[in-house]
Each structure stands twice: as structure tokens, then as C-alpha cells.
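In: turn this into a model:
(one chain, ligands or ions: 1)
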Amino acid sequence: MEAILKDPAGAVIGLDFDGTLSPIVSDPAAALIHPEAPGVLAELGRHVRAVAIVTGRPPATALELGPGLAEVPGLVILGHYGFERWENGAISGPPPPAGVPRAEAELPLLIDSLGLKGVTIEDKGRAVAVHTRRADDPEGALAVLREPLDELAARHNLVVEPGRFVLELRPPGMDKGHALGLFLAERDAMSVMFVGDDLGDLAAFEAVRASGLPGVTVCSGSTEVTALAERADIVVDGPDGVVALLRELVSAFSR
Ligand SMILES: O=P(O)(O)OC[C@H]1O[C@H](O[C@H]2O[C@H](CO)[C@@H](O)[C@H](O)[C@H]2O)[C@H](O)[C@@H](O)[C@@H]1O
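Out: Reported below is the predicted structural model:
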């Protein structure tokens with residue numbers, strides 16, 4: 001943190017979206033960014049080298065669920081775990097893998113055959129997520145789904161990304177750590193902070209350490225995931241705590 005405070009202009013600030021900037025809700029389509037987050041990110045963006053949102057969401061969805069984000073100066077969104085990038089109003093990325101629609105077509109029958117109720121499917125374009133938060137037994141449904149989804153993913157050249165009551169089938173070859181590492185090099189970062197809440201953010205925590213830069217890892221704490229808090233330098237209380245921390249940073253930069 002010392003290096004970031006000493007030279008904000010050299011700092012890259014990376015943040016996850018769901019559970020970090022946006023409070024967790026039961027319906028993924030109803031998620032909305034913390035009302036104060038776009039404003040504080042805009043202030044932060046005026047001081048630091050770059051602000052990047054590194055998320056499993058498609059960048060277009062993050063912008064939809066994050067009104068005001070498009071106005072954050074210099075913001076980059078590395079979506080789909082880094083496969084898709086939004087910057088200056090434009091989205092770029094490789095063509096979506098053919099395996100995703102094929103796997104998705106098999107999902108309703110598979111879920112039905114396992115006798116699961118309340119399990120929902122989120123079509124994300126270049127990935128598909130299977131959510132259990134609204135199942136009768138979310139934890140149990142996750143356990144029942146794990147092996148069949150591993151098998152389905154392998155048949156379609158996909159991998160399973162676990163998260164908060166979700167198993168996502170997505171293409172291999174990219175993760176938040178790789179995405180963050182490339183971004184730090186691209187921006188010639190002098191220091192880095194990454195804020196996340198879920199298992200997919202562990203790779204970004206590792207990238208902070210592997211970069212060799214002065215870095216700080218922050219966990220947006222919850223009762224649902226403990227693995228991140230155990231590895232974080234700082235733990236704050238969910239998106240409210242994240243916004244408060246970012247506000248403190250902005251005040252320190254302005255002094
Ligand atoms: O990398 P992230 O920005 O954290 O995105 C990861 C997944 O987040 C979303 O699911 C999570 O948030 C939902 C809304 O609060 C919640 O209902 C769900 O239980 C969480 O797992 C999103 O729906 C996924 O597509 C993202 O991959």
C-alpha cells in the first residue's frame with residue numbers, strides 16, 4: 001500500500017465485479033453495481049495509472065449492470081476472465097468457442113435427469129453458467145452437478161470455473177491471473193492492488209505476488225468464501241467495505 005500511496009500515478013488498481021463492486025443477489029440478471037462505486041472509481045481513475053475491472057461477466061453485461069462505469073476515466077474491463085476487453089467504448093476478443101452452445105443445449109436435460117429443482121442457466125455468449133443459489137439445497141446441488149459438468153465440459157473442450165453457488169463452463173487458456181499479469185506489463189505498472197471476493201480471483205492474487213511489484217491483495221469478505229480472506233493482505237466487509245477503502249485511497253491521494 002505504501003508504494004501506491006507514494007506514487008499513485010504508477011499504480012494499477014484491479015477489481016472484480018460481482019461480490020466486490022456489486023452486492024450478491026439471487027438473480028444474476030438483477031445484480032447492480034454499488035451506487036457509490038462508479039463515482040469513486042472515476043475519482044480514483046484521475047490519480048492512478050489505470051483502473052481495470054477483471055470479471056467473469058462479459059464486459060457488455062458489466063457495463064449494463066454498472067451504469068456510470070463507461071464514464072470512469074481510462075477504465076478497462078477485462079471480461080470473460082480476460083478473453084474479452086472493453087476500452088474506449090469498443091469490445092474486442094477472439095471468436096466464441098463452438099463448444100459453448102453445444103454444451104448449453106445439453107444442460108436442461110442433464111439438470112432434469114439429476115432431479116434438481118431451482119437450478120438456473122445463464123447464457124453468457126462465450127460461456128454458460130449453472131447457478132444453484134435458488135435451488136432448495138444450493139450446496140448439495142453444486143456437489144451433485146460437479147462431476148457431470150466436468151464430464152460435459154471436457155467433451156466440448158471447455159473447463160469448469162467454480163464460484164459462489166455457480167459452476168461455469170468456459171473455454172480454457174485464460175484466467176484472471178493471466179489477464180492481470182498481461183495488463184500490468186502493458187501499462188508498465190509500478191505497483192498494483194487487486195480486490196476480489198471469489199475463487200476465480202485467487203489467480204489474480206497470485207499474479208500480484210508473481211509480478212514482483214509492490215502489491216496489495218484485498219478480499220471483499222463474505223461468509224460464502226473463506227479461501228480468499230485467508231490469502232488477502234486486507235479483508236473488508238463486502239462491496240460497502242470496498243467502496244469505503246477506495247474512498248480512503250482517493251482522500252489520501254488528494255491530501
Ligand atoms: O468475476 P465476477 O465479476 O465475480 O463474476 C463471477 C460470476 O458472477 C455472477 O454470479 C455471482 O453473482 C450473482 C449476482 O449477485 C449471484 O446470483 C451468483 O450466485 C454469483 O455466483 C455471474 O452471474 C456469473 O456469470 C459470473 O461468472
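In: all strands of the stretch 101-250 of the chain, in order?
Out: Under the criterion DSSP state E, counting those that start in this stretch, strands of the stretch 101-250 of the chain are mapped to 120-123, 128-131, 159-163, 166-170, 191-196, 215-220, 234-236.
In: among these, which is nearest F205?
Out: Closest approach to F205 among the strands of the stretch 101-250 of the chain (C-beta to C-beta): strand 215-220, 4.6 Å. To be clear about C-beta, it is placed using only N, CA and C from the backbone, and glycine gets the same treatment.
In: pLDDT of that closest one, averaged?
Out: Averaged over strand 215-220, pLDDT sits at 98.
In: any stretches of the protein with poor pLDDT?
Out: By pLDDT under 70, the chain has no low-scoring segment.
In: follow-up on the earlier one: nearest to G39, of the strands of the stretch 101-250 of the chain?
Out: Closest to G39 of these, according to C-beta to C-beta: strand 191-196, at 16.6 Å.
In: before we move on, the earlier item: now the strands of the stretch 101-250 of the chain as TSV including mean neighbour count?
Out: Converted to TSV, the strands of the stretch 101-250 of the chain look like this (neighbours: other C-beta atoms under 10 Å):
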stretch	mean neighbour count
strand 120-123	14
strand 128-131	23
strand 159-163	18
strand 166-170	23
strand 191-196	27
strand 215-220	26
strand 234-236	17
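In: out of these, which comes closest to P95?
Out: Of these, nearest to P95 by C-beta to C-beta is strand 166-170, at 14.3 Å.
In: CA-only coordinates of the closest one in PDB, if you can.
Out: Only the C-alpha atoms of strand 166-170 are listed here, as PDB (Å, rounded to 0.1, in the frame of the first residue of the first chain):
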ATOM      1  CA  VAL A 166     -22.100 -21.400  -9.600                       C
ATOM      2  CA  LEU A 167     -20.200 -23.700 -12.000                       C
ATOM      3  CA  GLU A 168     -19.400 -22.000 -15.200                       C
ATOM      4  CA  LEU A 169     -18.400 -23.800 -18.400                       C
ATOM      5  CA  ARG A 170     -15.900 -21.700 -20.300                       C
END
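In: please state the offset of that strand from the chain centre?
Out: 13 Å (C-alpha atoms, centre = their mean, to the nearest Å).
In: and that strand, what does it pack against?
Out: Counting contacts by 3 or more C-beta pairs under 8 Å, 6 or more residues apart in numbering; DSSP states H and E, strand 166-170 packs against helix 99-113, strand 128-131, helix 138-155, strand 159-163.
In: can you put these in TSV and add distance to the ligand?
Out: Formatted as TSV, the helices and strands packed on strand 166-170 follow (distance: least, C-beta to the nearest ligand atom, whole Å):
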stretch	distance to the ligand
helix 99-113	13
strand 128-131	4
helix 138-155	8
strand 159-163	5
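In: which residues does the residue positioned nearest the centre of the chain contact?
Out: Closest residue to the average C-alpha location of the chain: T55 at 2.8 Å, with C-alpha atoms, centre = their mean. By C-beta atoms under 8 Å, 6 or more residues apart in numbering, the contact list for T55 reads 16-18, 62, 77-79, 81.
In: let's have the strands of the stretch 101-250 of the chain in JSON lines, adding distance to G39.
Out: Putting the strands of the stretch 101-250 of the chain into JSON lines (distance: least, C-beta to C-beta, whole Å) gives the following:
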{"stretch": "strand 120-123", "distance to G39": "28"}
{"stretch": "strand 128-131", "distance to G39": "29"}
{"stretch": "strand 159-163", "distance to G39": "27"}
{"stretch": "strand 166-170", "distance to G39": "29"}
{"stretch": "strand 191-196", "distance to G39": "17"}
{"stretch": "strand 215-220", "distance to G39": "18"}
{"stretch": "strand 234-236", "distance to G39": "18"}
